[in-house]
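>>> I would like the atomic coordinates for the input below:
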Amino acid sequence: MPFDLNILLVGCGKMGQAMLQGWLERKVENRIYILDPAGLPPEFVDYAPNPVSWYENVAALAAQEPKIDVIVMAVKPQIMADACAALKPLAGANTPLLSIAAGQSIAVFETYFGAGHPVIRAMPNTPSSIGQGVSVCVANPHVTPEQKEQATRLLEAVGHVEWIKDETLMDAVTALSGSGPAYVFLLIEALAGAGEKAGLSRDLAMTLARRTVIGAGALAAHMPDSAASTLRENVTSPGGTTAAALDVLMRDQNGLQSLMDEAVAAAKQRSIDLSGT
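Numbering: from 1, shown residues only. Predicted structure coming up:
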C-alpha cells in the first residue's frame, strides 16, 4: 500500500543509499529531497519516475520551500552538529526527526531542535542494503503513534523493525545487530581458513563456508518458531562429526559463547564511549 511521504534525507552514504533504494522500490514516498554536498549517487539520477531531488546545501533546498513530512538523519557523527544547526530553519516544530546515525542520542537532537521536538533514534545494520536488515528504534515522548508508524514503514522498506522503550539498550543493540554482520563474515573467513587447513583448496573452502552460512541463515528464517538451540541439535548426531566440533566450540572457559560475550561487551563499551553515555 502506498505510504506517501515527503522525505528529507540528510546524507546519502552507504546506509542512506540503502534506505533510499528501499523507499523507491516499495513506493513509500511521495518525494525525496536529498541533502548531501557529495551529490546524488549515479544510480538514482535517472530513476523513473523520478521522485528524487538533490540539493548541495540547506539554502538551495530552502529556496524551493519544500513540504517535509519527516527528516531522516544519515550523516556521520563528526558533522552532526553542523548539519543540525543548518537544518533547524527547515524543521517544523512537529516534523519528526528519524536518526540512523550511530552513537547519537535523542538528547543530542533535542539540544539542537528543542526539548519538545519529536525524535526517533534507529539502529539499522548493513544487510539493509539488500532489504534484509534489522532496525531497532526508540522514540522520545513527543513522537505520536502516527509518526511512529511512519518510521516503522520507512525502516521496514529495508528489513525487520523492533521497538524498545529504554534508550540505554541501544548500546547493546549496536554491539549485537549493528556490528553483528561483521561477526558473521568473520565466521565465514574462519570456516574457510579451517577448511583450507583440513586440505580443501582455498576457493572450494570459501565457497563451502559462504554457502553453509547462507543456507543456515535461510533455514533459521524458514523455521522462525524453532529455537536456535533446536536447529543446532537437529544437525548434531550423538557421537558424530558435528558433536566432535561442538565439543570444542562449546567449552566452558574457551568456547564460542565466552568469546562472543567478550566481543559484544567490548563493542557495547565502545558504543558507550563514542556516544558519551
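
>>> So what's the residue count around Arg202?
Residues lying near Arg202 (other Cβ atoms under 10 Å) number 11. (Each C-beta comes from the backbone N, C-alpha and C, glycine too.)

>>> ok, and the closest non-adjacent residue to Ala267?
Setting aside the residues directly before and after it, Ala267 is nearest to Ala175 in space (Cβ to Cβ, 6 or more residues apart in numbering), at 3.6 Å.

>>> ok now do that neighbour, which residues does it touch?
Ala175 makes contact with 264-268, 270-271, according to Cβ atoms under 8 Å, 6 or more residues apart in numbering.

>>> Buried subset of the residues you listed as a ChimeraX selection?
Restricted to buried positions by 16 or more other Cβ atoms under 10 Å, the ChimeraX selection for the contacts of Ala175 reads:
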select :264,267,268,271
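
>>> how close does the residue positioned nearest the centre of the chain sit to Asn94?
In the chain, the residue lying closest to the centroid (Cα atoms, centre = their mean) is Pro124, at 1.4 Å. Counting by Cβ to Cβ, to the nearest Å, the gap from Pro124 to Asn94 is 24 Å.

>>> likewise Gly114?
Distance of Gly114 to Asn94, given as Cβ to Cβ: 11 Å.

>>> same check, this time on Gln269
Looking at Gln269 against Asn94, where the rule is Cβ to Cβ, the gap reads 36 Å.

>>> Not counting residues beside it along the chain, what's closest to Tyr183?
Using Cβ to Cβ, 6+ apart and skipping the chain neighbours, the partner closest in space to Tyr183 is Ala263 (6.9 Å).

>>> typo on my end, it should be Ala122
Cys137 (4.5 Å).

>>> any idea whether the one you found is helix, strand or coil?
Secondary structure for Cys137, judged by DSSP: H, G, I helix; E, B strand; the rest coil, is strand.

>>> beta partners for it?
Here Cys137 sits in beta bridges with Ala122, Trp163, as judged by DSSP bridges.

>>> cool, and Trp54?
Each beta-bridge partner of Trp54 is listed here, defined by DSSP bridges: Ile34.

>>> OK, contacts around it?
Taking Cβ under 8 Å, 6+ apart, we find Trp54 in contact with 34, 36, 39-40.
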